[in-house]
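Trainee: following is a predicted model, sequence given first.
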Amino acid sequence: MPSSDREAFRALAVELQILEGTAETLQTRLSLVNAALTELNVARMTLDGVEKETADASLLVPIGGGSFIKARLESNDKVIVGAGADVSIERSVTEARQTLQNRIGELDKTRATLQQQLVQVVGRIQEDRGKLQDLSVKLDQAGRRARVSETESRS
C-alpha cells in the first residue's frame with residue numbers, strides 16, 4: 001500500500017470530522033436564529049393585536065409553561081422594548097414595530113449567510129466522502145494485491 005494514499009486517507013478523514021463538526025455548529029446557530037426570528041415575529045403580531053385594542057381591554061398574558069394571567073391594557077400606544085444589555089425603553093407602537101422589523105431583517109440576513117455556509121460545508125463533506133470512498137477502494141485493492149503477491153512468493 002502506498003504510504004501517500006494512506007496519509008491522504010487519514011488527512012481526508014480528519015478534514016471530514018472537522019467539516020462535520022462545523023456543519024453541526026452551523027445547524028445549531030441556524031436553530032437559534034430561527035427561534036429568535038419566531039419570537040420577534042410573535043412580538044410583532046402581538047403589537048398589531050394590541051394596537052387594535054382599546055385602553056382597559058382585558059388580556060391574557062403568557063407567563064410561560066402554557067400558563068397565563070389576566071391583565072388590563074393600560075395603554076395601547078406605548079410599549080416597552082428591549083434595547084439590549086438588560087435595558088428597556090418605552091416607545092410608541094410604531095417605533096417598536098420598526099425596531100422589531102429591523103431586528104427581523106438583520107436576523108434574516110444572518111440566517112441566509114448561515115444557510116449559504118452550511119450548503120458549502122455540506123457540499124465539501126459530500127465531495128470528501130466521495131474521495132474517501134475512492135481512496136478506501138484503492139487501498140483495499142492494493143492490500144489484496146499485496147496479500148496475493150505475498151502468498152505467491154511463499155509458494
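Mentor: That came through, no problem. Computed from a predicted model, the values in this text were never measured in an experiment.
Trainee: okay, now the unreliable bits of this protein?
Mentor: 1-2, 146-155 (pLDDT under 70).
Trainee: remind me, longest helix of it?
Mentor: Assignment by DSSP state H gives helix 93-154 as the longest helix of the chain.
Trainee: show me what that helix is packed against.
Mentor: If you count contacts as 3 or more C-beta pairs under 8 Å, 6 or more residues apart in numbering; DSSP states H and E, helix 93-154 packs onto helix 3-52, strand 78-84. All C-beta atoms are positioned from the backbone trio N, CA, C, and that covers glycine.
Trainee: of those, which is nearest R103?
Mentor: Nearest of the helices and strands packed on helix 93-154 to R103, taken as C-beta to C-beta: helix 3-52 at 5.5 Å.
Trainee: which non-adjacent residue is nearest the residue nearest the centre of the chain?
Mentor: Compute the mean C-alpha point of the chain, and by C-alpha atoms, centre = their mean the closest residue is L30, 1.5 Å away. Spatial nearest neighbour of L30, excluding adjacent residues (C-beta to C-beta, 6 or more residues apart in numbering): L114 at 5.0 Å.
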